[in-house]
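**Student:** The following comprises the amino acid sequence and a computationally predicted model.
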Amino acid sequence: MSEPASTPHSRFLSEKVAQIPPSGIRKFFDLLASLDDVISLGVGEPDFVTPWHIREAGIYSMEKGRTSYTSNYGLLDLRFELAGHLERSYGIDYDPRGELLITVGVSEAMDLALRAILNTGDEVIVPDPTYVSYVPCTVLAGGVPVPVPTRREDDFQLSASEVASRITPRTKAIVLAYPNNPTGAVMDREKLEEIARLAETHDLLVISDEIYDRLVYGTEHTCFATLPGMRDRTILLGGLSKAYAMTGWRVGYAAAPSEILEAMVKIHQYTIMCAPTAGQYAALEALRAGEGDVLEMVEEYDRRRKVIVAGLNEIGLDCFEPRGAFYAFPSIRSTGLSSEEFAQRLLVDEKVAVVPGNAFGNCGEGHVRCCYATSLDSIERALERMGRFVERIKPDR
């Protein structure tokens, strides 16, 4: 990696921070902000507004003056409701008093998990492509990320044999992120069981980010911690941002054995104190009465999923069927353009924003991420513009 350019204040910066590049997504959204009439398939955020009864619960909490700190662990009522939700959904039991932590989104939960378990030089296995924060968070925690490729021909599922070939005496943990951002892949239970056997054989922890667990289509999500022997090896991460359309409320959670969770709380209490109080009350309402809202949104995402995947394949961008989250990850190799070239030219020429696949790791090159958490009308208009673009650049191949 090249040395960062010297600036008047660069000598004050942490070497770890200076060596981390900005998110590969950021520059495209800087460009997006300068253009009009752009159809965005870029932002990984529900286009639904948080359901009214959930918003109302947050508003009511403020009206009643519930504006002070909560416990570092989060509202006890929320933790009990979360414990019930996990038991109902997956048949897994967590003690709400010592094994559940409410965090500022799943992003904080991932950061806490890595900082709580890593010593300098410990290695963390990370799927590639995957969400943009895992590698930087590992580095900031003093660890060494070890990317493991996932491929289109395997439906972007993590291969146990590929993982095994990268395990060393320094390996501390495996990060799982299924349903996956950016690919939309879902791991088969049998493949997860193979990863579980590796974790047991090599005495590893698994950090399983399951933020998209409710957003699956025509399949079932397997909670990794429910696999035989895995509850005590798993730091389970989740939240309400995606399934309940609550991104801005910033409420996530971690579920883990008490000793590991206590270490995470130790960091959390010194850096965050607690998740936003109004957001926690809104989350409590979501878990108590939001199931119908989730089912309605999942049904609508499924409609959009089918339209965008069919449309991408029709215009010549090969796209496997995503079975979770709300992303399609088509190949753009047939165009002869790199992921960044494709995304930038599509944005400038046709005013459609997608995210280059290499923003999510080297194995994302040759793909772009298209988020279908936007209206069906916007998806159809975006596909029309993308079709024109692909047809027009044929002579450039």
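**Tutor:** Alright, I've got the coordinates. Just so it is clear, the model here is predicted, and its values are computed rather than measured.

**Student:** Report the buried residues of stretch 118-138.
**Tutor:** Counting neighbours by 16 or more other CB atoms under 10 Å, one finds that the buried residues in stretch 118-138 are 118, 122-138. Any C-beta I mention is one placed from the backbone N, CA and C, and that applies to glycine too.

**Student:** Now intersect these with the strands, please.
**Tutor:** 123-128 (DSSP state E).

**Student:** So which of those is the closest to residue 198?
**Tutor:** Sorting those by distance to residue 198 puts residue 125 at the head of the list, at 9.4 Å, by CB to CB.

**Student:** Please report the distance of that closest one from residue 252.
**Tutor:** In this view, residue 125 and residue 252 are 22 Å apart by CB to CB, to the nearest Å.

**Student:** all helices for the stretch 101-250 of the chain, in order.
**Tutor:** Residue ranges of the helices in the stretch 101-250 of the chain, as given by DSSP state H, counting those that start in this stretch, are 105-117, 134-140, 160-164, 189-201.

**Student:** Turn those into TSV, including mean pLDDT.
**Tutor:** Supplementary listing: the helices of the stretch 101-250 of the chain in TSV, determined by pLDDT from 0 to 100:
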stretch	mean pLDDT
helix 105-117	98
helix 134-140	96
helix 160-164	98
helix 189-201	98
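
**Student:** got those as a markdown table, with distance to residue 239 columns?
**Tutor:** Compiled in a markdown table, these are given as follows (distance: least, CB to CB, whole Å):
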| stretch | distance to residue 239 |
| --- | --- |
| helix 105-117 | 5 |
| helix 134-140 | 16 |
| helix 160-164 | 25 |
| helix 189-201 | 20 |
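
**Student:** and of those, who's closest to residue 342?
**Tutor:** Residue 342 sits nearest to helix 134-140 of all the helices of the stretch 101-250 of the chain, at 22.7 Å, using CB to CB.

**Student:** Please enumerate residues in contact with the closest one?
**Tutor:** Helix 134-140 is contacted from outside by 16-17, 19-20, 110-111, 114-115, 118, 124, 126, 144-145, 147, 175, 177, 361, using CB atoms under 8 Å, 6 or more residues apart in numbering.

**Student:** Just the buried residues out of the residues you listed, in PyMOL syntax.
**Tutor:** Selection command for PyMOL covering only the buried members of the contacts of helix 134-140, criterion 16+ other CB under 10 Å:
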select buried, resi 20+110+111+114+115+118+124+126+144+145+147+175+177+361
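
**Student:** tally of neighbours for residue 151?
**Tutor:** The number of residues packed near residue 151 is 12, by other CB atoms under 10 Å.

**Student:** any idea how far residue 363 is from it?
**Tutor:** If you go by CB to CB, the gap between residue 151 and residue 363 works out to 7 Å.

**Student:** Then residue 168?
**Tutor:** Relative to residue 363, residue 168 is positioned 20 Å away (CB to CB).

**Student:** And residue 279, by the same measure?
**Tutor:** In terms of CB to CB, residue 279 sits 35 Å off from residue 363.

**Student:** Equivalent analysis for residue 302, please.
**Tutor:** In this view, residue 302 and residue 363 are 27 Å apart by CB to CB.

**Student:** of these two, who's got more company?
**Tutor:** With other CB under 10 Å as the criterion, residue 302 and residue 363 differ in neighbour count, and residue 363 comes out ahead with 21 against 16.

**Student:** doesn't that one fall inside a strand?
**Tutor:** No: according to DSSP: H, G, I helix; E, B strand; the rest coil, residue 363 belongs to no strand; its state is helix.

**Student:** Per-residue pLDDT of it, please?
**Tutor:** pLDDT for residue 363: 96.
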